[in-house]
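Got a predicted structure here, sequence first:
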Amino acid sequence: MWQTFLSCSQPTHDNGGMLVHTDFPYGIAFDTLNREAAIRWWDTAGDEWVRVNVITDALGHAVGASGTSQDLTGGADRTLLLALRELADVVVLGGATVRAEPLSVPRDKPLVIVSRSADIPAAAIERAHGGITVLHHSSATVPDGVEGVVLGRFTGAAILKAIHALGHRRIVLEGGLALIDVFLKSGVVTEWCQTVSPNPGEQSADVVVPAVTGNLTLMAHDDSGFRYTRRLVNGAPRTSSKSRT
């Protein structure tokens, strides 16, 4: 199934591209300018999944000095993020993340925001051409331009059930840490995708990603010192929701 997407061994800095080298288990490489190759690199998880995609520094800190993940990003990270989003049916973000980083909102992909208060900034609404659905508490009122779904419980299972009811099966959760923790504790995450940045993050225990165990399925690096890992998460469901009662 896997093949070498690019046979040359040097980065293509002159045209803006960069090589991503897969160290385990396949030994392939591809240029970030090759969008189709980046998509094939991700496309290994079938028709239904919940992928967590995070970026951290080497110690697991998820934000930099500005209080956002923008301080950490670089290398091929953005290319791989966009390729993963393209494979997904929907991007999921917590309300606090959207308020802190409105530019994290995808432009052309459906977005689900989990926010008890339904407090969604105008900049995020204007950016999200793919539409926003907010999962919120019954006491909240959604702003204009946003669809709302009331949740009785904010567990990972309840959130996932609501997302499935919207017709989404290939789900990428990008933050924040509290929402990721809720999903992990509910056992609904199928794959953990982590970029490890060479840039230092904010040295606070409050912004460290949860420790995740599971089978390592991929390790890679690029020519800017960014590393990429993927794990199948222990205890996550493996069967289609159509077969579960």
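Looks like it came in fine. Numbering: from 1, shown residues only.

So residue 67 is in contact with residue 206, correct?
No: the pair residue 67 and residue 206 does not pass the contact test of C-beta atoms under 8 Å, sitting 10.6 Å apart. C-beta here means a position set from N, CA and C on the backbone, and glycine is covered the same way.

which of these two has more neighbours?
Shown here are residue 67 and residue 206; by other C-beta atoms under 10 Å, residue 67 has more neighbours (13 against 9).

Excluding chain neighbours, what is closest to that one?
residue 100 (6.5 Å; C-beta to C-beta, 6 or more residues apart in numbering).

What pLDDT is listed against that neighbour?
Looking at residue 100, its pLDDT reads 92.

Just give me the neighbour total for it.
Residue 100, neighbours per other C-beta under 10 Å, totals 17.

From residue 25, how far out is it?
Separation of residue 100 from residue 25 (C-beta to C-beta, to the nearest Å): 36 Å.

Tell me where this protein has strands.
For the chain, the strands defined by DSSP state E cover 19-24, 29-31, 49-56, 90-94, 111-114, 132-136, 147-150, 170-173, 191-196, 214-222, 227-233.

if I look at the residue nearest the centre of the chain, how far off is residue 104?
By C-alpha atoms, centre = their mean, the chain has its centre lying nearest to residue 53, at 3.0 Å. Distance from residue 53 to residue 104, counting by C-beta to C-beta: 11 Å.

anything in contact with each of those two?
Contact criterion C-beta atoms under 8 Å, 6 or more residues apart in numbering; residues shared by residue 53 and residue 104: residue 174.

buried ones in stretch 49-64?
For stretch 49-64, the neighbour count (16 or more other C-beta atoms under 10 Å) marks 49-57, 60-64 as buried.

Show me which of the residues you listed is closest to residue 21.
Nearest to residue 21 among these is residue 55, at 18.3 Å by C-beta to C-beta.

And for the closest residue to the closest one other than its chain neighbours, the neighbour number?
The spatially closest residue to residue 55, leaving aside those adjacent along the chain, is residue 195, at 4.2 Å (C-beta to C-beta, 6+ apart). Using other C-beta under 10 Å, residue 195 has 24 other residues around it.

And for the one 5 residues further on?
Here the neighbour count serves as a burial measure; for residue 200 (other C-beta under 10 Å) it reads 14.

Residue 115 too?
24.

Look up how far residue 25 lies from it.
Counting by C-beta to C-beta - residue 115 and residue 25 are separated by 39 Å.

Return the residues in contact with residue 44.
Contact analysis of residue 44 by C-beta under 8 Å, 6+ apart lists residue 217.

Return the per-residue confidence for it.
84.

Distance of the residue nearest to residue 67 relative to residue 40?
The value you get for residue 100 to residue 40, if C-beta to C-beta is used, is 33 Å.
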